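1. Starting from these lines, generate the structure:
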Amino acid sequence: MTVLPPLVSKALTDSGYDLVSSGDGGWFVAGISGSPAKVLIQVVEEGVLLALPEAGTATQIGLEISGQVPPLGMACVGLARGASQTYEALRVLHTLLTHPVAVLSAQVEARLAAIPETERTREVRQRIGQDVFREALMDLWQGRCAVTGLAFPPKLLRASHAKPWAKATDSERLDPFNGLLLSVHFDVMFDSGLIAFSDEGVLLCSTRLDDAIKRHYSIADGARLRTLNPGHIPYLAWHRAQIFDNFLKIPANE
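-> Numbers count the residues shown, from 1 in each chain. Below is the predicted model of the structure:
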């Protein structure tokens, strides 16, 4: 009987998947407890193939698109090359599978339904939506600031939208890629346009953020996001164009 290599099995277990049954055509099926979501895995000479249920997901998490026909019930197949990319893809994918926009939206509606109808204002809906969004980002970023990597007390971590709630569509508002989990001071700077991030994840500082402030908040040279997926890039670009200070924009390490 064919088995998955130990390294792949460990990557699945460490990322929160329930291993695993063999499927058709050489694919293995990994599920997630409490969720109907699943991912199909196949090891090939080039790396690890991941068959995913939503079209576009492989691209969002930075996988090469495979020419292999997706198995029944799957929409796309991506290729992870090497252990590091396999681990990271499975970690991010776990969040996307357990917190898809449709599920997050349903959670918002369920929590809203528990509130008397007369109190279901736009502001209340937004607050509940922000809470649900934050829960997804806490999972995606493993409860750590996206810049420093520090596990601040949860009350000191904020779910920062790149494209704000008021400007976003319903699906964008709850898309985990439309946000960064940031410590309070970075959240305020990001929200007000004092900092932004390049397509490579490099921290950019407004010229209004002088050196004394950067030293005070330990904004180090070469600061950057700990991880970055292609799904983040359109939102970060929108933030740079629409919110980031319109004065000269400079990387933190210049």
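2. what comes into contact with the longest helix anywhere in the chain?
-> Scanning the chain for the helix with the most residues, using DSSP state H, yields helix 122-140. Taking contacts as Cβ atoms under 8 Å, 6 or more residues apart in numbering, the residues outside helix 122-140 that touch it are 92, 94-95, 98-99, 104, 107-108, 111-112, 115, 154, 157-159, 161, 165, 173-174, 176, 179-181. (C-beta placed from N, C-alpha, C; glycine too.)
3. in it, what counts as buried?
-> 125, 128-130, 132-134, 136-140 (16 or more other Cβ atoms under 10 Å).
4. the helices in this structure, which residues?
-> 6-14, 57-60, 82-98, 101-113, 122-140, 170-173, 184-192, 211-216, 233-242.
5. what's the angle from the last one to helix 184-192?
-> Interaxial angle, helix 233-242 versus helix 184-192 (axes from the mean of the first three to the mean of the last three Cα atoms, to 10 degrees): 70 degrees.
6. can you check the fifth one too?
-> Between helix 122-140 and helix 184-192, the angle formed by their directions is 120 degrees, by the same axes, to 10 degrees.
7. could you give the angle of helix 122-140 to helix 101-113?
-> Using the same axes, to 10 degrees: helix 122-140 against helix 101-113 is 140 degrees.
8. Dump helix 122-140 to CSV, restricted to CA.
-> Taking Å, rounded to 0.1, in the frame of the first residue of the first chain, the C-alpha atoms of helix 122-140 are listed here in CSV:
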residue,chain,number,x,y,z
ARG,A,122,-25.2,49.2,10.5
GLU,A,123,-22.6,49.9,13.3
VAL,A,124,-23.6,46.8,15.1
ARG,A,125,-23.2,44.7,11.9
GLN,A,126,-19.8,46.2,11.3
ARG,A,127,-18.7,45.5,14.9
ILE,A,128,-19.8,41.8,14.6
GLY,A,129,-18.2,41.5,11.2
GLN,A,130,-14.9,42.9,12.6
ASP,A,131,-15.0,40.4,15.4
VAL,A,132,-15.5,37.5,13.0
PHE,A,133,-12.8,38.8,10.7
ARG,A,134,-10.4,39.2,13.6
GLU,A,135,-10.9,35.5,14.6
ALA,A,136,-9.9,34.4,11.1
LEU,A,137,-6.8,36.6,11.2
MET,A,138,-5.8,35.3,14.6
ASP,A,139,-5.8,31.8,13.1
LEU,A,140,-4.0,32.9,9.9
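9. before we move on, the earlier item: now that we have the helices of the chain, can you turn them into CSV and tack on distance to Gly47?
-> Shown next, in CSV, are the helices of the chain (distance: least, Cβ to Cβ, whole Å):
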stretch, distance to Gly47
helix 6-14, 10
helix 57-60, 13
helix 82-98, 7
helix 101-113, 28
helix 122-140, 23
helix 170-173, 31
helix 184-192, 34
helix 211-216, 40
helix 233-242, 23
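10. need the contact list for Gln68.
-> 49, 77.
11. for Gly25, same thing?
-> 42, 71 are the contacts of Gly25 under Cβ under 8 Å, 6+ apart.
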